[in-house]
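# heads up, no residue letters with this:
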């Protein structure tokens with residue numbers, strides 16, 4: 001009976017506390033404010049590639065926090081994390097390929 005109780009305690013400790021969720025919420029709010037603010041900085045408007053890269057990194061970071069904590073994937077089996085991570089990697093690869101091909105097309109048209 002003590003092993004059952006011990007297993008329950010370990011399972012409860014494996015999940016985040018309310019404080020952890022509040023900290024994650026604050027981090028997500030700050031990153032969202034940075035994303036919105038970044039878009040309106042004139043320097044970033046002049047350097048669209050850096051703007052795109054910065055916004056993409058922040059979005060992927062927010063994605064990781066949301067699926068890791070709010071969807072509890074941090075505490076689940078690795079299989080469930082792969083269900084989200086593999087499509088994310090594929091999406092990033094596809095976006096990079098399309099961005100590179102679009103950039104090359106513009107260079108070829110200008111040449």
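Looks like it came in fine. Small disclaimer: the values here were computed from a predicted structure and weren't measured.
# tell me where this structure has helices.
Assigned by DSSP state H, the helices in the chain fall at 2-14, 18-39, 42-46, 48-65, 78-110.
# just for the protein, where's the confidence low?
Along the chain, the model assigns pLDDT under 70 to residues 1-14, 110-111.
# rerun that using 50 as the cut-off
Scanning the chain for pLDDT under 50 picks out the ranges 1-12.
# how near is residue 52 to residue 79?
Residue 52 sits 32 Å away from residue 79, going by C-beta to C-beta, to the nearest Å. Just so you know, the C-beta spots here come from the backbone N, C-alpha and C atoms, and that holds for glycine as well.
# more neighbours: those two, which one.
Between residue 52 and residue 79, counted using other C-beta atoms under 10 Å, residue 52 has the larger neighbour count: 13 against 7.
# ok, that one touching residue 98?
No. Using C-beta atoms under 8 Å, residue 52 is not in contact with residue 98, being 11.5 Å away.
# what's the overlap in contacts for these two?
The contact sets of residue 52 and residue 98 do not overlap (C-beta atoms under 8 Å, 6 or more residues apart in numbering).
# what residues are up against residue 24?
By C-beta under 8 Å, 6+ apart, the contact set of residue 24 is 16, 65, 69, 70.
# strands - which of those land there?
Among the contacts of residue 24, no residue falls in strands (DSSP state E).
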